[in-house]
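Participant: sequence? don't have it. structure:
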(Lines give C-alpha, C1' and ligand atoms only; values in the text may rest on other atoms or scores of the structure.)
Protein backbone atom coordinates (compact mmCIF):
# COMPACT_ATOMS: atom_id res chain seq x y z
CA UNK A 1 0.00 0.00 0.00
CA UNK A 2 1.25 3.47 -0.85
CA UNK A 3 1.26 6.11 1.89
CA UNK A 4 -0.60 9.23 0.85
CA UNK A 5 0.33 12.64 2.19
CA UNK A 6 -2.88 14.02 3.69
CA UNK A 7 -1.39 17.15 5.22
CA UNK A 8 -3.17 20.32 4.16
CA UNK A 9 -1.64 22.35 1.36
CA UNK A 10 0.34 25.25 2.80
CA UNK A 11 0.73 27.54 -0.18
CA UNK A 12 3.82 26.04 -1.72
CA UNK A 13 6.19 25.83 1.25
CA UNK A 14 6.41 22.71 3.42
CA UNK A 15 8.73 21.69 6.18
CA UNK A 16 10.70 18.61 5.26
CA UNK A 17 12.01 15.85 7.49
CA UNK A 18 15.32 17.69 7.82
CA UNK A 19 15.12 20.35 10.48
CA UNK A 20 15.41 23.87 9.15
CA UNK A 21 14.86 23.11 5.47
CA UNK A 22 11.76 23.87 3.44
CA UNK A 23 10.38 22.29 0.29
CA UNK A 24 8.97 24.80 -2.16
CA UNK A 25 6.27 23.04 -4.17
CA UNK A 26 5.92 23.81 -7.84
CA UNK A 27 2.98 21.43 -8.41
CA UNK A 28 -0.46 21.09 -6.84
CA UNK A 29 -1.80 18.04 -5.05
CA UNK A 30 -3.67 16.96 -8.20
CA UNK A 31 -0.44 17.18 -10.24
CA UNK A 32 1.41 15.23 -7.55
CA UNK A 33 -1.23 12.49 -7.72
CA UNK A 34 -0.81 12.28 -11.51
CA UNK A 35 2.92 11.80 -11.11
CA UNK A 36 2.47 9.14 -8.44
CA UNK A 37 -0.02 7.25 -10.62
CA UNK A 38 2.43 7.44 -13.55
CA UNK A 39 5.23 6.18 -11.31
CA UNK A 40 3.18 3.24 -10.03
CA UNK A 41 2.01 2.20 -13.51
CA UNK A 42 5.51 2.50 -14.98
CA UNK A 43 7.01 0.56 -12.08
CA UNK A 44 4.43 -2.20 -12.56
CA UNK A 45 5.32 -2.33 -16.27
CA UNK A 46 9.00 -2.60 -15.31
CA UNK A 47 8.31 -5.47 -12.93
CA UNK A 48 6.19 -7.22 -15.59
CA UNK A 49 8.95 -6.73 -18.18
CA UNK A 50 11.51 -8.09 -15.74
CA UNK A 51 9.33 -11.14 -15.08
CA UNK A 52 8.92 -11.70 -18.83
CA UNK A 53 12.68 -11.51 -19.33
CA UNK A 54 13.27 -13.93 -16.45
CA UNK A 55 10.62 -16.41 -17.54
CA UNK A 56 11.60 -16.13 -21.19
CA UNK A 57 15.15 -17.23 -20.49
CA UNK A 58 16.58 -14.14 -22.18
CA UNK A 59 20.24 -13.31 -21.57
CA UNK A 60 20.64 -11.45 -18.28
CA UNK A 61 22.24 -8.38 -19.92
CA UNK A 62 18.94 -7.57 -21.64
CA UNK A 63 17.70 -6.64 -18.18
CA UNK A 64 19.77 -3.45 -18.45
CA UNK A 65 17.00 -2.14 -20.71
CA UNK A 66 14.72 -2.09 -17.65
CA UNK A 67 16.26 1.26 -16.78
CA UNK A 68 13.99 2.70 -19.50
CA UNK A 69 11.01 1.81 -17.28
CA UNK A 70 12.46 2.09 -13.79
CA UNK A 71 13.94 5.58 -14.23
CA UNK A 72 10.64 7.27 -15.26
CA UNK A 73 8.87 5.33 -12.51
CA UNK A 74 11.32 6.67 -9.94
CA UNK A 75 11.06 10.20 -11.35
CA UNK A 76 7.29 10.04 -10.97
CA UNK A 77 7.57 8.81 -7.39
CA UNK A 78 10.16 11.39 -6.33
CA UNK A 79 8.28 14.23 -8.01
CA UNK A 80 5.25 13.20 -5.94
CA UNK A 81 7.26 12.91 -2.74
CA UNK A 82 9.25 16.12 -3.21
CA UNK A 83 6.35 18.26 -4.55
CA UNK A 84 8.51 19.15 -7.56
CA UNK A 85 7.97 18.75 -11.30
CA UNK A 86 11.30 18.52 -13.10
CA UNK A 87 9.90 19.70 -16.45
CA UNK A 88 8.21 22.75 -14.92
CA UNK A 89 11.37 23.61 -13.00
CA UNK A 90 13.35 23.50 -16.25
CA UNK A 91 10.89 26.01 -17.74
CA UNK A 92 11.00 28.25 -14.61
CA UNK A 93 7.35 27.50 -13.90
CA UNK A 94 5.00 26.12 -11.27
CA UNK A 95 1.49 24.71 -11.56
CA UNK A 96 -0.30 25.19 -8.26
CA UNK A 97 -3.71 25.72 -9.87
CA UNK A 98 -5.30 25.11 -13.24
CA UNK A 99 -2.55 26.82 -15.27
CA UNK A 100 1.23 26.98 -15.18
CA UNK A 101 2.72 30.28 -14.13
CA UNK A 102 6.21 31.74 -14.21
CA UNK A 103 8.41 31.74 -11.12
CA UNK A 104 9.76 35.28 -10.85
CA UNK A 105 11.47 35.15 -7.45
CA UNK A 106 15.15 34.22 -7.90
CA UNK A 107 15.44 32.50 -4.50
CA UNK A 108 12.33 30.42 -5.08
CA UNK A 109 13.51 29.48 -8.56
CA UNK A 110 16.91 28.42 -7.24
CA UNK A 111 15.26 26.26 -4.57
CA UNK A 112 12.89 24.62 -7.06
CA UNK A 113 15.74 23.92 -9.47
CA UNK A 114 17.80 22.39 -6.65
CA UNK A 115 14.83 20.20 -5.71
CA UNK A 116 14.40 19.14 -9.36
CA UNK A 117 18.06 18.22 -9.57
CA UNK A 118 17.69 16.21 -6.38
CA UNK A 119 14.68 14.39 -7.85
CA UNK A 120 16.73 13.40 -10.89
CA UNK A 121 19.69 12.20 -8.80
CA UNK A 122 17.48 10.12 -6.49
CA UNK A 123 15.57 8.66 -9.44
CA UNK A 124 18.78 7.65 -11.20
CA UNK A 125 20.08 6.00 -8.02
CA UNK A 126 16.79 4.15 -7.47
CA UNK A 127 16.61 3.00 -11.10
CA UNK A 128 20.22 1.81 -10.99
CA UNK A 129 19.53 -0.11 -7.78
CA UNK A 130 16.45 -1.77 -9.29
CA UNK A 131 18.37 -2.78 -12.42
CA UNK A 132 21.18 -4.21 -10.30
CA UNK A 133 18.62 -6.26 -8.36
CA UNK A 134 17.16 -7.48 -11.67
CA UNK A 135 20.65 -8.44 -12.86
CA UNK A 136 21.35 -10.37 -9.66
CA UNK A 137 18.28 -12.57 -9.99
CA UNK A 138 19.44 -15.89 -11.46
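Facilitator: Thanks, I have it. Bear in mind the structure is a predicted one, so any value in this text is a computation, not a measurement.
Participant: use CA for all of it now, contacts and neighbours both
Facilitator: Will do.
Participant: Helix, strand or coil: sort out the residue at the greatest distance from the centre of the chain for me.
Facilitator: Of all residues in the chain, residue 57 has its C-alpha farthest from the mean position, at 31.0 Å, by Cα atoms, centre = their mean. Recorded secondary structure, residue 57: coil (DSSP: H, G, I helix; E, B strand; the rest coil).
Participant: Look at it and report its pLDDT.
Facilitator: For residue 57, the model assigns a pLDDT of 91.
Participant: Need phi/psi at it.
Facilitator: phi 70, psi 20 (degrees, to the nearest 10).
Participant: So which other helices or strands are in contact with the helix with the most length in the chain?
Facilitator: Taking DSSP state H as the criterion, the chain has its longest helix at helix 106-136. If contacts are counted by 3 or more Cα pairs under 8 Å, 6 or more residues apart in numbering; DSSP states H and E, helix 106-136 sits against strand 22-24, helix 67-82, helix 86-90.
Participant: Direction included, what does the first one pair up with?
Facilitator: Put plainly, it is strand 22-24. Applying DSSP bridges, strand 22-24 is found paired with strand 13-15 (antiparallel).
Participant: now residue 109: how far from residue 76?
Facilitator: 21 Å (Cα to Cα, to the nearest Å).
Participant: more neighbours, these two?
Facilitator: A count of neighbours by other Cα atoms under 10 Å puts residue 76 above the other of residue 109 and residue 76, at 28 against 20.
Participant: do you know how far that one is from residue 28?
Facilitator: 14 Å.
Participant: low-confidence ranges in the chain?
Facilitator: For the chain, applying pLDDT under 70 flags the ranges 1-21.
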